[in-house]
Every structure is written in C-alpha cells, then in structure tokens.
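1. fold the stuff below for me.
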Amino acid sequence: MTTVQRVSVISGGASGIGGAVSRRLAAAGDLVVLNDIDAEAAKAAQSDIEGTGGECLLVVGDISDQAVVEQVRDVALGAADGRIDVLVNNVGDFRPASKTFLHSTPEQWQRLYEVNLRNVLQLTHALLPTMVEQGHGAIVNNSTVEAFRGIPGHVAYSAYNAGVVAFTKSLSVEVGRYGVRVNAIAPDLNDTLQTPAAAMLRGRDAGQLPLWVPLGRFGQPDDCARVVEFLASDAAAFVTGQTLPVDGGTLAASGWYAREDGKGWTNMPDHP
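-> Predicted structure coming up:
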C-alpha cells in the first residue's frame, strides 16, 4: 500500500523552534507549508529543506493578518488534493516588552494578543474544518513555561500563553470525536537568534547553568522540534489535550525571585 504524503503547516517556521520543526517534519517526508514574516529566513529554510530532498511551499507574511491566514489555508489545500494533516502554531513573542505592567500600554497588550493568541485561534479556525471533514489531524501549539509560573515584566505575554494552554485543552475535548488531536509544548528559553545563550547568561559563567537548569544546559530548537514531531505522529495517537514542558526541568525546579539590590527580578540562583 502506498503511503500518502502528509501535509504539515507550520507558522513562524523559518528559524528558531519553528525552523527546526519545519526541517524535521520535512526530513520525515512531510510536504511542509511554511509561513513566516521574514522572507529572507523563509527562503533560506526552503532552500535547506529542498536541498536535502524535502518539499516546502512558502507563504510570507504576518500570520496575525487574516488575509495571510487565508493564503496559508489555500496553499495548503492546493498542495496535495485538499488534505491537511498537521498544524503547528509556532508564532509567539514576548515583545513588545515593558518594565512592569504599570509601564505597559493597551497598544502593547493588543500586539501581544495578536502575536501570541489570536493568530493561534485564526489559523486553527481556518484549517480545522478540513481536518474534521477528513476525519483526522494533529494540532500542536507552542506556548511557554511562563504560562505556568509568574514572569514579572511580561504579564500580558504570560496571560495570552496561558490562553493557548486553555485553548489546547478545550479544543481537544471538542474535536476528539472527529479524530483530531490537539496538544502543546511549553519551552523555556532556547538558544536561538531571538534569545541567544550569550544574552541569557549576560556574562555569567556557563558552568553555573546546572544551578538553574537541572539538565545543565540551555535548550536547542531541535529539543522542541523532536517533541512536536512526536505529538504530531501516530506514536502519540492516544495523547490529546496536553501541554508538555520542554525546559530541561526549570519549571519543576525554579521560579522568579526579587533581586537583593531592588533592580528587578532574576531566575538565576547565583544572582544577588
């Protein structure tokens, strides 16, 4: 029997965690429909995928824009006889940031809502009917460990990502009867262009990492991509409604603490 190629849609799929997901799913044989706001990074990802024998279609644009959502849907539906097997809602950002909630503005809240929660609802709403009609599908959302613990200075970001977790749970209950599974990952900081290890360490000794991260290192994008691949696969056929932390143990081990000098907060145990 010939195996029908899966069609996998990844938002924010050019670099960082999304880029690792796109490359990993393409390497597994999926036809990847890759959306990203960064045209240059998207083309580089497509080149990497095609250079190793994979297939990738691009839709460049801001996925919080409904017109871009519709374009992603149309490209995906036209890719392989109207099937959509996997949706990875990867887009999210802690910026624009503010020193405290009191310093934040409604304009910041709105943008954080668009980039962290609304786009997840929009793209899922656009692709879900196809999954329901075909009787199968896997959706994996990207949240954050900060949806489960307080993160000073990023109150709205945390709230919207907690919304992603709640959305994941509730939607999984609604659509399970149609053969559609909905799960999420919750990363801590990964060594990416957006959050480079050097900036996270801020001059600290990397040898002190085990004081913060039980597994002793920062995450790499492929650490998350491997979990996404699992959740999207038949190996997770009886897993739905779950959010899996991919954090090296930080959520289990630590929180945020006020600095002794009064200058904000730290989650580094060796920080005064």
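2. give me the below-cutoff pLDDT ranges for the stretch 151-272 of the chain.
-> 255, 257-258, 260, 268-272 (pLDDT under 70).
3. quick one, strands of it?
-> Applying DSSP state E, counting those that start in this stretch to the stretch 151-272 of the chain gives strands spanning 180-187, 243-246, 257-258, 265-266.
4. so which elements touch the last one?
-> Looking back up the chat, that one is strand 265-266. strand 257-258 (3 or more CB pairs under 8 Å, 6 or more residues apart in numbering; DSSP states H and E). C-beta: built from backbone N, CA, C; applies to glycine.
5. residue contacts, V175?
-> Neighbour list for V175: 128, 131-132, 182 [criterion: CB atoms under 8 Å, 6 or more residues apart in numbering].
6. try 6 Å this time
-> Contacts here follow CB atoms under 6 Å, 6 or more residues apart in numbering; on that basis V175 touches nothing.
7. and for V88?
-> Going by CB under 6 Å, 6+ apart, V88 touches 10, 21, 140, 228.
8. now swap in T250 and tell me
-> Residues in contact with T250 (CB under 6 Å, 6+ apart) are 188, 213.
9. any idea how far T144 is from it?
-> According to CB to CB, to the nearest Å, T250 and T144 sit 11 Å apart.
10. please apply the same query to V228.
-> Here the distance between V228 and T144 works out to 14 Å (CB to CB).
11. ditto for Y178
-> 28 Å.
12. same deal with H103?
-> 21 Å.
13. specify which residue of the two has the higher count of neighbours.
-> T144 (29 against 10; other CB atoms under 10 Å).
14. list the contacts for the closest residue to that one other than its chain neighbours?
-> Leaving aside its chain neighbours, T144 sits nearest to N161 (4.8 Å; criterion: CB to CB, 6 or more residues apart in numbering). By CB under 6 Å, 6+ apart, the contact list for N161 reads 116, 143-144, 147.
15. equivalent analysis for I151, please.
-> Residues near I151 by CB under 6 Å, 6+ apart: S158.
16. now do V132
-> Y178.
17. quick one: what helix or strand has it in it?
-> Assessed by DSSP states H and E, V132 sits inside helix 119-134.
18. the inter-axis angle of whichever helix or strand comes after that helix versus strand 180-187?
-> Next along the chain after helix 119-134, taking DSSP H and E as the criterion, comes strand 137-142. Per axes from the mean of the first three to the mean of the last three CA atoms, to 10 degrees, the angle that strand 137-142 makes with strand 180-187 is 20 degrees.
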